[in-house]
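# How does the following fold in three dimensions:
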Amino acid sequence: MGFGDLNATSGLKVLNDFLSDRSYIEGYVPSQADVAVFEAVTSSPPAELCHALRWFNHIKSYQSQKNSLPGVKKPLGQYGPAGVADTTASSAAPATTKDDDEDDDIDLFGSDEEDAETARLKEERVAAYAAKKAKKPALIAKSSILLDVKPWDDETDMAKLEECVRSIQMDGLVWGQSKLLPVGYGIKKLQINCVVEDDKVGTDILEEQITAFEDFVQSMDVAAFNKI
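Numbering: from 1, shown residues only. Okay, here's the model as predicted:
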């Protein structure tokens, strides 16, 4: 494991690729792992290494409280992707033969398997997000409308008038409570509430259909109109 030389472009590129689908070196919150790697990067990564630069600036904001971040700081070589040589190993480490070094550096399958697994996990997360977004119901704009329906005179059958009004059925229209209110000279008007879907039902079409019962209805007015 490791990132290689984090003071060289090659090491920063390994770090950038490692952070392409991660927010932090380990886990989902800033930790001592981020502190250990940050301290090995002596200067801000170049702009083209956008993932490394985003991470660097984010961890830099925690420097005043880095000692309080969770976790235990491990040697730098214990962080990063598999298959990358650890250039931070102590020079006092036991010498190895050329053949041993070559064997250690060869990773026939590790990197490819990790890249394939990372791509698969990313595709699964994207698919899951798309499915969740598709299932989310679209917001339907609705309004609550209070209507005043006036009869011709005091001899109009108000029960029949209300029956006619409620007989109007259409997609996006739900009738609510109603009551009779005095207008004067013994005449009462029907005040009735309804909830409509704005894209399907408007006050114009309601007026047109209600006043079509011309034997009972003299006129219709909108007493109140409120968005829900």
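# Find the residue at the geometric middle of this structure.
Centroid check for the chain by Cα atoms, centre = their mean gives residue 133 as the closest residue, at 7.9 Å.
# Helix or strand: which one has that residue?
Element membership of residue 133, judged by DSSP states H and E, is helix 110-135.
# what's the spacing between the residue nearest to the centre of the chain and residue 150?
Residue 133 sits 48 Å away from residue 150, going by Cβ to Cβ, to the nearest Å. Bear in mind the C-beta positions are built from the backbone N, C-alpha and C, glycine included.
# mind showing which ranges of this structure have poor pLDDT?
Low-confidence segments of the chain (pLDDT under 70): 1, 83, 85-114, 136-138.
# Can you show me the helices along this protein?
For the chain, the helices defined by DSSP state H cover 9-18, 32-40, 50-60, 98-105, 110-135, 158-166, 203-210.
# what's the last one packed up against?
Read it as helix 203-210. Packing partners of helix 203-210 (3 or more Cβ pairs under 8 Å, 6 or more residues apart in numbering; DSSP states H and E): strand 142-151, strand 217-227.
# tell me the most buried of these?
Of all the helices and strands packed on helix 203-210, strand 142-151 has the most neighbours on average by mean count of other Cβ atoms under 10 Å, namely a mean of 19.
# Who are the packing partners of it?
Judged by 3+ Cβ pairs under 8 Å, 6+ apart, strand 142-151 is in contact with helix 158-166, strand 173-184, strand 187-197, helix 203-210, strand 217-227.
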